[in-house]
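Enquirer: My questions concern the predicted model and sequence given below.
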Amino acid sequence: MYIGLKNIQHLFSNFPNLLTNSDGIHCLTGWTKLASAVQPYTNHLLYTCSYTRNFNPAEFPFTEETHLLCIVKPGTDLTEISGKFPDFLSLLVLEAACPENIYTELQNYFNMQCGVGMFGQTLLEYLSFDSGLQPAVEHSFGALQNPVFVFDTNYNLIAATWNAIEKLNIRDQVIRDRHFTDEDFKMASRMNNIHSKVRKSEIPVRAYNETLGYEQMYCAINTKKDLGHIVVSAVNKPFEPIDVEFLLTLKKYVNQQMEKDSFIRNSRGFNYEYFLKDLLDKKIAADRSSMTQMKYVESEFSGNMYCMVVETARSLSTISSTHIRNTLESHFPYSKTLVYNGQVIAILSIRDNHLIPKEYLSMGRKICVENGLYAGLSNCFRDIMTFTEYYNQALRAIELGSSEHNAPGLFCYEDYYLDHVKNIFTQKESPETFCHPKMKFLLDYDHLHHSELAYTLYMYLTHERNLAATAEAMDMHRSSLVYRFKKINSLLGDDFEDYKDRMYLILSYEMNEKK
């Protein structure tokens, strides 16, 4: 923020004052008393003095870039005093009975502007580097020290200081349902139709919410466009004057972020989005005959591809689809994204015929955990005309993964393919009809004797028949494991050398272990 003498004049507008020779656009970073100021004077400081009869302006090395606040006693002719200073000086003459009160208010003003400037600088960094709306709103709690909520034009909650809300143990109905309820609208109407006032006001509107029991501050994101509004609740501490400045800064950021998201959304409406949506809606036949009419497909979709689906509706908190889309595109090079049926879909393209790097998986998991997202990742495919199959595969990964791990994360289909196979098989057949006779024998033996021979054999086979690795995985002593295998050998009499037999035994245990 640029602070000049015009800003200082406005700060003390309740006092008689006279401003001379200032364009008001200089960047003042602080103030100091003229009598103790270090020379030469800098154009970034406001110098102050109390005018007395013994004060002689000629004793001070003023320059054209010096900014001076001169405090005079009440009843003094301000024009006469200003005439005693050089014409080139940027001068504000102020009439006040107690200079110390002026200095105190001046210090508070610079402290406030410094805080607002640092907050604004951080938001500018968020805006520049695609961090998105939610992280910036979370950061705003450090400045406002009260929870913040951002609603869109349909009164849906699109961002909030969730960490603070959880810490302060807020249980508002709006937070639980992520949007205004009928009761909320009635409350807003009872409060002199406060939201109509908010939409028209350039400055925040304050009101005491009798239903919630604390004061709130409301601010329209943009009074010229109905983009929604911001609400700050005085749950943690009462509002202070500086909170208005912080909220106005946040309002500008939210407006700019929405403008940016809108620009990105409008500028990237490439043909591939319509093409992919038509594939999902089965408007394009998945055969080569249609390819002749869409030559761009071969160049747009090449190499090894993976389909990632993010189901934002499953998120533990309200998430902007645009924010998630921007995040995926910024972290995964060559990716193509679209929003479909409330889901964010990304096609991750891996160049040079490589499989997906571990770094991609780590980044995907990190994004999901940090944003409370449930996402699925398909296997690799190369033919975009089979995209729908791998989209469904990613959805299956979410379904299977979330049922096993009820927590946000990135679920890869390759980790759950066997569950998928088992589900398909058991829809028509019992797992017992599939079970290998030897595994069935061990499972029945375990049930009768309360042993774990079937599990032991399964772990042994899945660890490549390595006794040391199996013992470590089962947290058993090697001698105990050897004893179990003597029992298994006495019952089955098998060396397990046939790989087809091993695979059959492993699948049999997988399909019957949870029976």
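Expert: Alright, I've got the coordinates. Not measured: the values here are computed from a predicted model.
Enquirer: Every contact and neighbour count from this point should use C-alpha atoms.
Expert: Will do.
Enquirer: Need the three-state assignment for residue 307.
Expert: Residue 307 falls in the strand class when you classify it by DSSP: H, G, I helix; E, B strand; the rest coil.
Enquirer: In which helix or strand does the residue lying closest to it once chain neighbours are set aside reside?
Expert: Nearest residue to residue 307 in three dimensions, chain neighbours excluded: residue 347, at 4.8 Å (CA to CA, 6 or more residues apart in numbering). Element membership for residue 347 (DSSP states H and E) is strand 343-350.
Enquirer: That strand: partners in the sheet, and parallel or antiparallel?
Expert: Note on strand 343-350: by DSSP bridges, its sheet partners are strand 304-311 (antiparallel), strand 336-340 (antiparallel).
Enquirer: tell me the SS of residue 157?
Expert: Three-state call for residue 157 (three-state DSSP): strand.
Enquirer: Excluding covalently adjacent residues, which one is nearest to it?
Expert: Excluding the flanking residues, the one nearest residue 157 by CA to CA, 6+ apart is residue 151, at 4.5 Å.
Enquirer: Just confirm the one you found contacts residue 226, I think it does.
Expert: No: using CA atoms under 8 Å, residue 151 is not in contact with residue 226; the gap is 11.0 Å.
Enquirer: So for the two, which sits in the more crowded spot?
Expert: Per other CA atoms under 10 Å, whichever of residue 151 and residue 226 has more neighbours is residue 151, with 21 against 14.
Enquirer: What residues does that one make contact with?
Expert: Residue 151 makes contact with 157-159, 179, 228-230 under the criterion CA atoms under 8 Å, 6 or more residues apart in numbering.
Enquirer: now residue 255
Expert: Listed by CA under 8 Å, 6+ apart, the contact set of residue 255 reads 221-222, 227.
Enquirer: mind running it again at 7 Å?
Expert: Neighbouring residues of residue 255 by CA atoms under 7 Å, 6 or more residues apart in numbering: 221-222.
Enquirer: where does the chain have low pLDDT?
Expert: 1-2, 22-26, 120, 125-132, 171-193, 262-271, 285-299, 316-318, 514-515 (pLDDT under 70).
Enquirer: in the top helix by length along it, what counts as buried?
Expert: Counting by DSSP state H, the longest helix found in the chain is helix 99-128. Neighbour-count burial for helix 99-128 flags 99, 102, 106, 109-110, 112-113, 115-117, 119-120, 123, 126-127 (criterion: 16 or more other CA atoms under 10 Å).
Enquirer: Burial check on the nearest residue to residue 197 once chain neighbours are set aside, number of neighbours?
Expert: Counting by CA to CA, 6+ apart, residue 205 is the residue found nearest to residue 197 once chain neighbours are left out, at 7.8 Å. For residue 205, the tally of surrounding residues (other CA under 10 Å) stands at 18.
Enquirer: and what of residue 239?
Expert: Neighbourhood size, residue 239 [other CA under 10 Å]: 19.
Enquirer: helix, strand or coil for it?
Expert: Following three-state DSSP, we place residue 239 in the coil state.
Enquirer: Could you pull up phi and psi at it?
Expert: When read as degrees, to the nearest 10, the backbone of residue 239 gives phi -70, psi 150.
Enquirer: Now the phi/psi pair for residue 381, please.
Expert: Residue torsions, per degrees, to the nearest 10, at residue 381 are phi -140, psi 160.
Enquirer: Who does it form a beta bridge with?
Expert: With DSSP bridges as the rule, residue 381 is bridged to residue 305.
Enquirer: That one: what's it in contact with?
Expert: Contact analysis of residue 381 by CA under 7 Å, 6+ apart lists 304-306.
Enquirer: Out of those, who's the most crowded?
Expert: residue 305 (27 neighbours).
Enquirer: just checking, that one touches residue 347?
Expert: Yes: using CA atoms under 7 Å, residue 305 is in contact with residue 347, at 6.4 Å.
Enquirer: related to what we said a few turns ago, of the contacts of residue 151, buried ones?
Expert: Taking 16+ other CA under 10 Å as the criterion, what is buried in the contacts of residue 151 is 157-159, 179, 228-230.
Enquirer: tell me which element the closest residue to residue 395 other than its chain neighbours falls in.
Expert: Excluding the flanking residues, the one nearest residue 395 by CA to CA, 6+ apart is residue 376, at 5.9 Å. Per DSSP H and E: residue 376 is located in strand 374-377.
Enquirer: So what touches that strand?
Expert: Residues contacting strand 374-377 (CA under 7 Å, 6+ apart): 306-311, 314-315, 368, 394-395, 397-398, 408-413.
Enquirer: what about 8 Å?
Expert: 306-312, 314-315, 368, 393-398, 402, 407-413.
Enquirer: Which ones among the residues you listed lie within helices?
Expert: 368, 393-398, 402.
Enquirer: Please list all residues in contact with the most centrally placed residue in the chain.
Expert: Central residue of the chain (CA atoms, centre = their mean): residue 134, 3.7 Å from the mean position. The neighbours of residue 134, taking CA under 8 Å, 6+ apart as the test, are 159-161, 319.
Enquirer: Quick check: residue 92 touching residue 69?
Expert: Yes: the pair residue 92 / residue 69 is scored as a contact, 4.9 Å apart, by CA under 8 Å.
Enquirer: Regarding residue 459, what is its secondary structure?
Expert: Judged by three-state DSSP, the three-state class of residue 459 is helix.
Enquirer: For it, which non-adjacent residue is spatially closest?
Expert: Distances taken as CA to CA, 6+ apart place residue 470 nearest to residue 459, at 6.1 Å, with adjacent residues excluded.
Enquirer: what does residue 97 give?
Expert: Distances taken as CA to CA, 6+ apart put residue 73 closest to residue 97, at 5.6 Å, once the chain neighbours are dropped.
Enquirer: which ones are touching the one you found?
Expert: By CA under 8 Å, 6+ apart, residue 73 lies in contact with 51, 95-97.
Enquirer: make it 10 Å
Expert: Under the criterion of CA atoms under 10 Å, 6 or more residues apart in numbering, the neighbours of residue 73 are 50-52, 94-99.
Enquirer: Could you do residue 419 as well?
Expert: Residue 419 is in contact with 396-397, 400-401, 413, 425, 510-511, counting by CA under 10 Å, 6+ apart.
Enquirer: Where does it sit, in terms of helix or strand?
Expert: helix 417-426.
Enquirer: tell me what the helix or strand just after that helix is packed against?
Expert: Sequence order places helix 431-434 as the next helix or strand after helix 417-426, per DSSP H and E. Judged by 3 or more CA pairs under 10 Å, 6 or more residues apart in numbering; DSSP states H and E, helix 431-434 is in contact with helix 417-426, helix 437-449, helix 499-512.
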